[in-house]
Every structure is written in structure tokens, then in C-alpha cells.
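sharing a model prediction with you, sequence too.
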Amino acid sequence: MYQTSDIRKGLKIEIGGRPFIIVDFLHVKPGKGGAFVRTKLKNMETGQVLEQTFRSGEKIAVPDIAEKNMQYLYRSPEGYCFMDNETYEQVYLTEENLGERRNYLSENINIDVLYFEGRPIGIELPVAVELEVTEAEPGIKGDTASSVTKPATLETGLVIQVPLFINEGEKVRVDTRTGEYMERVK
């Protein structure tokens, strides 16, 4: 069991038999009465966001979540296919399970798949992924006085802002937390 003093961003908790991740929190100590923690939680199965307040000293359940390293293989009508690197068992996750994280999946990337009570519910992305630029307008020479950017479409369909020197066919490293360009990969 967690205490309210354990609350931090990214902590996985269980409320009403459902797994949640803490997106944001605020410790509040009013002049009158006891302290409490106001949190913003995201349901790990559905993506639904809700706000919950915990009184100081309240106990919070720890979810039965396991991570399994798997390789992303392909997308099919059944969903996104992942293969266990040890047993070669394949599991499918839907677009609803992945949400916006599906924009960072390239074939054959190793990802941690999250299991809640034995069933797959989502993925844990690395901090950065390398994706190929499939569409980018050419940069205009002499337009580099300041940090000018242009839109670029990546192999997954994600559109990000990149510097003018990035061209089609190049690989870029993208921050999965913010969706921003980090650097060009050689």
C-alpha cells in the first residue's frame, strides 16, 4: 500500500479495481483542517483522465502491473502486434490501448508491454525513439538567421517541427514525452 506521501508523477496506483497513473498532483495544507493531495489520474486501460483528492495519511492500493519486454512487429486489422522475445508468443493491442503512443512505434522496436492482472493494457515507451522522415519540404537557403523550423512527416504519420536542414529519408530522434525533435541520427 502507498501512502499519500509516496504520491509523485508517473506513480501507478489502483482505484476501484482499475489501474491509474498519476499525471499531476498538488499537496495542499489549508489553514484549517487536515492536509490533502489533489491528483490528476489517467486510466491506463481507457485513457480517461479524472481528478481525485486523497486525505493526508490515506492508503492507496498498489496495482498488479507487470512489464514484459516485447518487439513490435506490425499493425493489422486486429490491432498492433507485439511478440514476446523469450516465448515468441504474440499479443495484440488496440488503438485505444495505445492512444497517442502508437505514433512512436516503428517495426522491430523493443518496447515494454504493461500487463494488468495478466492481460495486456498498454506500452511503456523509451524516452526517445528514432524515426525516418518520409515527407519534408526543402529548406530555403539563407533562411537560417534564427532557429527556423518546418513540418516533417515521419514514417508513423506523426508530424513534428524539425530544423531546415532535415531532408526526406533521414532519421531523427524524437522525445516521446513531448513529441519534439531532439537530433538527427547519422
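Right, received. Where do you want to start?

on the three-state scheme, the residue of the chain most remote from its centre is what?
In the chain, K32 marks the outermost C-alpha relative to the chain mean, sitting 38.7 Å out by CA atoms, centre = their mean. When classified by DSSP: H, G, I helix; E, B strand; the rest coil, K32 comes out as coil.

and it, how far is that from S56?
Look at K32 and S56: by CB to CB, to the nearest Å, they are 14 Å apart. All C-beta spots, glycine's among them, are computed from the backbone N, C-alpha and C.

next: R38.
Going from R38 to S56 by CB to CB gives 12 Å.

repeat for E124
Following CB to CB, the distance that separates E124 from S56 is 30 Å.

give me the contacts around the lowest-mean-pLDDT helix or strand in the chain.
Lowest by mean pLDDT, DSSP states H and E among the helices and strands of the chain is helix 95-98, with a mean of 85. Helix 95-98 has contacts (CB atoms under 8 Å, 6 or more residues apart in numbering) with 45-47, 79-80, 102, 105, 120-123.

could you list the paired strands of the next helix or strand after that helix along with their orientation?
The C-terminal neighbour of helix 95-98 among helices and strands, as given by DSSP states H and E, is strand 110-116. Note on strand 110-116: by DSSP bridges, its sheet partners are strand 65-76 (antiparallel), strand 119-124 (antiparallel).

for M182, find the nearest of those.
Checking the strands paired with strand 110-116 against M182 by CB to CB gives strand 119-124 as the closest, at 18.9 Å.

now the closest one - C-alpha only, PDB.
Written as PDB, here are the backbone C-alpha positions of strand 119-124 (Å, rounded to 0.1, in the frame of the first residue of the first chain):
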ATOM      1  CA  ARG A 119      -3.800  -9.100 -19.700                       C
ATOM      2  CA  PRO A 120      -2.000  -6.500 -21.800                       C
ATOM      3  CA  ILE A 121      -3.300  -3.000 -21.400                       C
ATOM      4  CA  GLY A 122      -0.600  -0.700 -22.900                       C
ATOM      5  CA  ILE A 123       3.000   0.100 -23.500                       C
ATOM      6  CA  GLU A 124       5.800   2.000 -21.800                       C
END
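
spatially nearest residue to E183 (excluding sequence neighbours)?
R173 (5.1 Å; CB to CB, 6 or more residues apart in numbering).

I'd assumed E132 was in contact with that neighbour.
No - under the criterion of CB atoms under 8 Å, R173 is not in contact with E132, lying 11.4 Å apart.

that older thread, quick one: buried residues of the least confident helix or strand of the chain?
97-98 (16 or more other CB atoms under 10 Å).
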